[in-house]
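Engineer: take a look and give me a structure for this.
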Amino acid sequence: MAHIRNSIKAVIIENGRILLVKCDRDQNNLPYYILPGGGQEFGECFKNALRRECREELGAEVDPGELVLVREFICANHPKWGECHQVEFMFRCKLLSEINPARATEPDQEQTGTEWVPIPELKKINLYPHTLANCFDAAGNLTVPVYLGAVD
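Structural biologist: Take a look at the predicted model:
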């Protein structure tokens, strides 16, 4: 039975750079980047899910702030992904501790590290979702409506 999955993401911006998780290879055999975060578990509020996901992937504690973006990923628009519908809730966060891969409790299988990427460089990397490269100005201010829709 098909269902909708909530995914909670951290938007961590410092000094004009955004923190991204670097992953091994996509379907085009290229390294790619995503925001830290992941699936919400049953009975877990968004902010607790985000804290857990950042401990799992970054080995770091975060302070989730305001909701800044919402995006839908509908697999019917991308047949190679099978059957899914994911709603991504992206929250502005502050790091409360250093990133420490040795403390990461459950990194994603594809995850190879983390990287601070200057916001103007987002259009030059293999970023998922692609539209994220157009959401912030160089200082990290939001430049689009909160709801992005079903976009790549």
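
Engineer: name the SS class of residue 55, please.
Structural biologist: Secondary structure assignment for residue 55 (DSSP: H, G, I helix; E, B strand; the rest coil): helix.

Engineer: how many neighbours does the nearest residue to it once chain neighbours are set aside have?
Structural biologist: Spatial nearest neighbour of residue 55, chain neighbours left out: residue 105 (5.8 Å); criterion: CB to CB, 6 or more residues apart in numbering. (C-beta placed from N, C-alpha, C; glycine too.) By other CB atoms under 10 Å, 9 other residues sit near residue 105.

Engineer: with residue 36 instead?
Structural biologist: Using other CB under 10 Å, residue 36 is surrounded by 25 other residues.

Engineer: again with the one 4 residues further on
Structural biologist: Burial of residue 40 is recorded as 20 neighbouring residues (other CB under 10 Å).

Engineer: hang on, it packs against residue 4?
Structural biologist: No. Shown here, residue 40 and residue 4 do not form a contact pair, counting by CB atoms under 8 Å, at 10.7 Å.

Engineer: now do the strands in this structure.
Structural biologist: Along the chain, counting by DSSP state E, strands occupy 4-11, 13-14, 17-23, 32-34, 37-39, 62-74, 85-95, 111-118, 147-149.

Engineer: quick check: buried residues in the longest one?
Structural biologist: So that's strand 62-74. 62, 64, 68, 69, 71, 72, 73 (16 or more other CB atoms under 10 Å).

Engineer: returning to that earlier point: any chance of a markdown table for the strands of the chain, columns mean pLDDT?
Structural biologist: Output for the strands of the chain, formatted as a markdown table (pLDDT from 0 to 100):
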| stretch | mean pLDDT |
| --- | --- |
| strand 4-11 | 96 |
| strand 13-14 | 98 |
| strand 17-23 | 97 |
| strand 32-34 | 95 |
| strand 37-39 | 96 |
| strand 62-74 | 95 |
| strand 85-95 | 96 |
| strand 111-118 | 96 |
| strand 147-149 | 95 |
